[in-house]
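S.K.: when you get a sec, could you give me coordinates for this:
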Amino acid sequence: MSTRELTRPQKGMLAAAAVPMLAVGGFGAWGTYTNVVTEFHRAATAMGVVAAGEGLTLVLALTMLALTLLGQATPRPVHIGLWLAPVAASGVGISIADTVTEAVVYAATPLAMSGAAEGLGLIARRIVIYTTGIDAEARRRIADTVQRLAYEQAVAERHPDEDKREAALRKSWKLAQDIGRDDPELAEGLVAVQRERLRQGADGALAGMLTAAPAPKQVGPARQETAEEVLRRKLATMGAEDAVRLVRDAHPDAPLAELVEICNDHGVHVTPVQVAVILDQRPEQHTVYRQDAPDAPLVSGLPLVTVEGAVVEAASFLGPDAKARQISEHLARHRRLVVAEPYIRTALSREAKRQQGQAPAKPMEGGYA
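M.R.: Below is the predicted model of the structure:
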């Protein structure tokens, strides 16, 4: 963080803001002195009360101011004392008051010195931060937070009690959110990083928009491989035995010397002996014994069914009370036959007469006994 100097107008405004604070603190001390003199009628006692309240506050305020101007953090007891001393003076004012109204006035008067001291300390701190870029208070708070965070994490990892480990883990997560809070150096660093990223992104976007597109390359038609090149490429990926057998299948009548020459021309380097050995090899033969399969069962053919037979079959299936229409629908659904209802009645009538003609003769009714 770079350092800066206060300009003349800034110095004038800060001085104008500090003067009323000093005046308010002085009036608060004078008011406390007057209140005590009114009650005790002794100036020495009033001076002692003012010294114990506003005087101690003034000493602590000057201490905080000096430490701030030196770029050092103010200890916590100094901050606490800046409010405890006026509170003690307020307690004295309440105890010596005769009425409630006087108690309220006497209690509020010493607080002016605390407000003035805190205001002057804040202005001094901001001046130091502005001119030097160092915030001692923020560094002190961050250091305390980091120290507590390290302790809680150590407890969460190695403490033998599981409940304490869980509690320490929760505390460490709560402390993590305070890291970097009110740290101007961290804020300025993050802003600088993001500013650089934005600059790079904008530069890339503008370069893509404003740069002329390259001329498209003229891509000609791909050259097709010749049959010789395809064969050479395939033979290069094959083993010697497979390549020799492939060449043999392509030239079944070629002599051995020609096969060797063809293989060597296509990148498969073999000798006549190797080719002869490879071609002399025969695949292994195996004898497989299987049991005889059983004969297929003989199935007699189904008798042919005429349309009249289909009508009789449907009638017997549907029962004696079936109508001609029901029989026709049954044949259309199961036999895929379209039969008119009059034909169905005729077929059923014929079947009934046929059944009557085949009925056995009863004894003593014609014929011989």
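
S.K.: next up, the contacts around residue 199.
M.R.: By Cβ atoms under 8 Å, 6 or more residues apart in numbering, no residues touch residue 199. For the C-beta atoms, the positions are set from N, CA and C on the backbone; glycine is no exception.

S.K.: quick check: pLDDT value at it.
M.R.: Predicted confidence (pLDDT) for residue 199: 83.

S.K.: does it count as helix, strand or coil?
M.R.: Of the three states, residue 199 takes helix according to DSSP: H, G, I helix; E, B strand; the rest coil.

S.K.: what's the domain layout of this structure?
M.R.: 8-134, 135-205, 239-280, 307-357 (automatic domain parsing).

S.K.: tabulate these (TSV), appending distance to residue 294.
M.R.: As requested, the domains of the chain are exported to TSV (distance: least, Cβ to Cβ, whole Å):
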stretch	distance to residue 294
domain 8-134	104
domain 135-205	76
domain 239-280	42
domain 307-357	34
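
S.K.: out of those, flag the one nearest residue 230.
M.R.: With Cβ to Cβ as the criterion, residue 230 lies closest to domain 239-280 of those, at 10.6 Å.

S.K.: per-residue confidence averaged over the closest one?
M.R.: In this model, domain 239-280 has an average pLDDT of 80.

S.K.: span of that domain from start to end?
M.R.: Its start and end residues considered, domain 239-280 measures 17 Å (Cα to Cα, to the nearest Å).

S.K.: what residues sit buried inside stretch 316-327?
M.R.: In terms of neighbour count (16 or more other Cβ atoms under 10 Å), stretch 316-327 has its buried residues at 322, 324, 327.

S.K.: list just the nearest of these to residue 353.
M.R.: Distances from residue 353 to those, taken by Cβ to Cβ, are shortest for residue 324, at 17.1 Å.

S.K.: list the contacts for the closest one?
M.R.: If a contact means Cβ under 8 Å, 6+ apart, then residue 324 has 341, 342, 344, 345, 348 as its contacts.

S.K.: which of those are buried?
M.R.: Applying 16+ other Cβ under 10 Å to the contacts of residue 324 flags 344, 348 as buried.

S.K.: columns distance to residue 289 on top of the contacts of residue 324, output as JSON lines?
M.R.: As requested, the contacts of residue 324 are arranged in JSON lines below (distance: Cβ to Cβ, whole Å):
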{"residue": "341", "distance to residue 289": "65"}
{"residue": "342", "distance to residue 289": "67"}
{"residue": "344", "distance to residue 289": "61"}
{"residue": "345", "distance to residue 289": "66"}
{"residue": "348", "distance to residue 289": "62"}
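
S.K.: coming back round to it: pick the most buried one from the domains of the chain.
M.R.: Mean neighbour count (mean count of other Cβ atoms under 10 Å) peaks for domain 8-134 among the domains of the chain, with a mean of 17.

S.K.: ok, the residue lying closest to residue 46 once chain neighbours are set aside to residue 108 distance?
M.R.: Leaving aside its chain neighbours, residue 46 sits nearest to residue 36 (3.8 Å; criterion: Cβ to Cβ, 6 or more residues apart in numbering). Distance, residue 36 to residue 108, using Cβ to Cβ, to the nearest Å: 15 Å.

S.K.: and for residue 60?
M.R.: From residue 60 to residue 108 the distance is 20 Å (Cβ to Cβ).

S.K.: low-confidence regions, the stretch 1-150 of the chain specifically.
M.R.: Low-confidence segments of the stretch 1-150 of the chain (pLDDT under 70): 1-3, 6, 14.

S.K.: mind redoing it with 50?
M.R.: In the predicted model, the stretch 1-150 of the chain carries no residue with pLDDT under 50.

S.K.: can you map out the helices along it?
M.R.: 8-40, 43-50, 56-69, 76-96, 100-108, 111-132, 136-158 (DSSP state H, counting those that start in this stretch).

S.K.: helix or strand for the residue most central in space within the chain, which one?
M.R.: The centre of the chain sits closest to residue 173, judged by Cα atoms, centre = their mean, with a distance of 21.1 Å. Per DSSP states H and E: residue 173 is located in helix 162-176.

S.K.: what angle do that helix and helix 136-158 make?
M.R.: 150 degrees (axes from the mean of the first three to the mean of the last three Cα atoms, to 10 degrees).

S.K.: which non-adjacent residue is nearest residue 232?
M.R.: residue 266 (4.9 Å).

S.K.: just checking, the one you found touches residue 235?
M.R.: Yes: in this structure, residue 266 is within contact of residue 235 by Cβ atoms under 8 Å, at 4.9 Å.
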